[in-house]
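Student: Make a model of this:
(one chain, ligands or ions: 1)
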Amino acid sequence: MFQRKTLQRRNLKGLNLNLHTDVASNGSLSQEKIEDHQEHSRIESHVMSHINAIQNKSNLFLRRGIKKNLTLDACMDEQAISKPSAVVIQQPQNEPVLILSSLSQSPCVSSSSSLSTPCIIDAYSSNFGLSPSSTNSTPSTVQGLSNMTTPIDNEHSISLPPLAESLSPTTANLQDTLSATSNDNNIQLQDLVQLGKIGAGNSGTVVKALHVPDSKIVAKKTIPVEQNNSTIINQLVRELSIVKNVKPHENIITFYGAYYNQHINNEIIILMEYSDCGSLDKILSVYKRFVQRGSVSKKKTWFNELTISKISYGVLNGLDHLYRQYKIIHRDIKPSNVLINSKGQIKLCDFGVSKKLINSIADTFVGTSTYMSPERIQGNVYSIKGDVWSLGLMIIELVTGEFPLGGHNDTPDGILDLLQRIVNEPSPRLPKDRVFSREMTDFVNRCCIKNERERSSINELLHHDLIMKYASPSKDDKFRHWCKKIKSKIKEDKRIKRDALDRAKLEKKQSDNPTH
Ligand SMILES: Nc1ncnc2c1ncn2[C@@H]1O[C@H](COP(=O)(O)OP(=O)(O)OP(=O)(O)O)[C@@H](O)[C@H]1O
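Tutor: Next comes the predicted model:
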């Protein structure tokens, strides 16, 4: 009955704005549609001002080289045509790449008929209580995360959107934690454009997002919270109250702030520094895929001795900083919590089970990590040396490609079997069928001593021969080079996977329609 027609088109420094409307198939516009047309004009000016604002801020698309010649497409909500639901940014081939949900209060739905492939949707709108005209509620102040006297400087602090008007007692706790003063240098959620999913863990999902005003890429972790689940909420409160106190450091992921809005999705959003090579588990998976494809020999690990030395130093230095400055024990050292960037920096993230030392005795069994040390499993007092044990296990996993207490077709029968192995079986070691240097073998052995008192301390390991052997600027350069190579391998892997998916789709299409 109705066709989509483009009514307006403007060119803006390489960006095109298309406004579509539904037009009767005889070409005429009904009175209703004429009103819609007028409405379109209003929407258009709204959209244009939004685009201008973005462009004036950073000219991001062109400068970043991310999107060239994009089309901004103001989609119309099919049910309520007068209400635009989203601004969709499309590539020339009509392939939507992202949505700025700037016009709607509800999360955007990629229902537009012009969308041929699934969109990445940013569920937050500029009406997310941030624009005075769009809401009666004023932005809540958030103590703790942004109103920090020391931890996060202005450059990194953000203000939060308004919190729920009526909070249950548990969410009120959350509100307390996420309260902060508004700040001129804030990162606002509506300034973020979601770019793609990075990964998902037990607690939530992490996506890559672009902070438009300064063209900075950030990682956005979304953690759904059950309204009445006080355990989870308290854990998050604890996590965030710890993270907010940590100042930027070369081996710690920088925290940019957190958001919570019960009305929208009942989820917490944590913004942090993005690491462009991802986590060690991700790099290991990419390596394994290359081995499977036969393009890399299984004998040739990507994690050579230099790399292990640099990773170990970064982890130990980060742990040392957390403990010395804040009395924090990380408690969850594992490959997915160690991030790398192409500048050659190692960063610790995820303080989900971290806590101040003073609380550690009361809450020893947080998490189900298989990197847990024997003393932790046995319920003994947990000290920072537990993280040293985890580092030892992680190194063995990186160089062998297998988790040391469960690989080689020797998978434990469940968590209890694994826990008893950690406690009762001999300490994990580097495999004997491969040659490792004396320094490397000694380093790992010192990490994996079961008796916590005999295990090396962080300080001892920071001065270990394995670390000293590679502590020169030329080795730093080599490591940076390695990181860059890894980044390009990750890209290549993505491309191969995408091509394989496309081929599979095409083959399926051909088998479904053999005549075509
Ligand atoms: N700041 C970041 N920069 C780049 N990638 C990240 C960042 N934070 C997390 N990731 C990626 O997202 C993935 C998911 O992270 P998340 O913290 O949700 O879970 P996890 O650490 O894998 O598991 P768990 O929830 O059990 O701790 C990680 O494995 C990592 O690859």
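Student: give me the residue from the protein nearest the ligand.
Tutor: Gly201 (1.9 Å; CB to the nearest ligand atom). (C-beta placed from N, C-alpha, C; glycine too.)
Student: thought that residue was touching Ser336?
Tutor: Yes. Assessed by CB atoms under 8 Å, Gly201 is found in contact with Ser336 at 6.6 Å.
Student: related to what we said a few turns ago, what is the neighbour count of the residue of the chain closest to the ligand?
Tutor: Counted by other CB atoms under 10 Å, the residues lying close to Gly201 total 15.
Student: Ok, Lys299 next?
Tutor: Residues lying near Lys299 (other CB under 10 Å) number 7.
Student: What residues does the stretch 201-350 of the chain have near the ligand?
Tutor: Within the stretch 201-350 of the chain, the positions lying close to the ligand (CB under 6 Å from any ligand atom) are 201-204, 206, 219, 221, 253, 272-275, 278-279, 281-282, 336-337, 339, 349-350.
Student: Repeat the analysis, applying 5 Å as the threshold.
Tutor: Counting by CB under 5 Å from any ligand atom, the stretch 201-350 of the chain comes close to the ligand at 201-203, 206, 219, 272, 274-275, 278-279, 282, 336, 350.
Student: Likewise for the chain?
Tutor: Residues of the chain lying near the ligand by CB under 5 Å from any ligand atom: 198-199, 201-203, 206, 219, 272, 274-275, 278-279, 282, 336, 350.
Student: still on that earlier bit, out of the residues of the stretch 201-350 of the chain next to the ligand, which are inside helices?
Tutor: Using DSSP state H, the subset of these located in helices is Lys282.
Student: one step back: farthest-separated two in the residues of the chain next to the ligand?
Tutor: Asn202 and Tyr274 (20.6 Å; CB to CB).
Student: between these two, who's got more neighbours?
Tutor: Taking neighbours as other CB under 10 Å, Asn202 and Tyr274 compare with Tyr274 leading, 24 against 8.
Student: Now for Gly201 and Ser336: what residues contact both?
Tutor: Common neighbours of Gly201 and Ser336, counting by CB atoms under 8 Å, 6 or more residues apart in numbering, are Asp350.
Student: What residues of the longest helix along the chain count as buried?
Tutor: Across the chain, the longest stretch assigned as helix under DSSP H is helix 473-512. Buried positions in helix 473-512, judged by neighbour count with 16 or more other CB atoms under 10 Å: 478-480, 482-483, 486-487, 489-490, 493.
Student: quick one: contacts for the residue nearest to Lys450 when sequence neighbours are not counted?
Tutor: Distances taken as CB to CB, 6 or more residues apart in numbering put Pro374 closest to Lys450, at 4.9 Å, once the chain neighbours are dropped. Residues near Pro374 by CB under 8 Å, 6+ apart: 389, 422-423, 450, 452.
Student: Find the helix or strand that the closest residue to Leu271 other than its chain neighbours is a member of.
Tutor: Among residues not flanking Leu271 along the chain, Tyr256 sits closest, at 3.9 Å (CB to CB, 6+ apart). Using DSSP states H and E, Tyr256 maps to strand 255-261.
Student: Tell me which strands that strand pairs with, and in which orientation.
Tutor: strand 267-273 (antiparallel) (DSSP bridges).
Student: pLDDT averaged over the partner strand - what is it?
Tutor: Mean pLDDT, strand 267-273: 87.
Student: Please renumber the chain so that the first residue is 17 from this point on.
Tutor: Yep, numbering from 17; the last one is strand 283-289 now.
Student: Show residues contacting that strand.
Tutor: Under CB under 8 Å, 6+ apart, the answer for strand 283-289 is 174, 190, 194, 203, 205, 208, 220, 225, 234-241, 252, 256, 259, 269-276, 363, 365.
Student: Also stretch 313-320?
Tutor: 299, 303, 307, 312, 327, 414-417, 502, 505.
Student: quick one: terminal-to-terminal distance for it?
Tutor: 14 Å (CA to CA, to the nearest Å).
Student: before we move on, back to that, of the contacts of stretch 313-320 - the most surrounded one?
Tutor: Ranking the contacts of stretch 313-320 using other CB under 10 Å puts Ile299 first, with 25 neighbours.
Student: I'd like the distance between it and Cys293.
Tutor: As judged by CB to CB, to the nearest Å, Ile299 and Cys293 stand 7 Å apart.
Student: can you pull the contacts of Ile393?
Tutor: 435, 438-439.
Student: Name the nearest residue to it, ignoring sequence neighbours.
Tutor: Leu435 is the one closest to Ile393 (CB to CB, 6+ apart), at 5.0 Å.
Student: Tyr329: how many residues sit nearby?
Tutor: 21.
Student: And the helices in the stretch 217-366 of the chain?
Tutor: Listed in chain order, the helices of the stretch 217-366 of the chain (DSSP state H, counting those that start in this stretch) span 246-259, 296-309, 321-342.
Student: So Thr457, which state does it fall into?
Tutor: helix (DSSP: H, G, I helix; E, B strand; the rest coil).
Student: right, and it touches Pro447 too?
Tutor: No. Thr457 is not in contact with Pro447 according to CB under 8 Å; the separation is 10.7 Å.
Student: low pLDDT regions in the chain?
Tutor: Counting by pLDDT under 70, the chain contains low-confidence ranges at 17-202, 243-255, 258, 277-281, 367-385, 422-426, 531-532.
Student: Using CSV, write out every CA atom in stretch 231-238.
Tutor: Only the C-alpha atoms of stretch 231-238 are listed here, as CSV (Å, rounded to 0.1, in the frame of the first residue of the first chain):
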residue,chain,number,x,y,z
SER,A,231,36.9,10.5,19.2
LYS,A,232,38.0,8.2,21.9
ILE,A,233,37.2,4.5,21.8
VAL,A,234,36.0,3.2,25.2
ALA,A,235,34.9,-0.2,26.5
LYS,A,236,31.4,-0.3,27.8
LYS,A,237,30.5,-3.1,30.1
THR,A,238,26.8,-3.7,30.7
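Student: Report the buried residues of that stretch.
Tutor: 232, 234-238.
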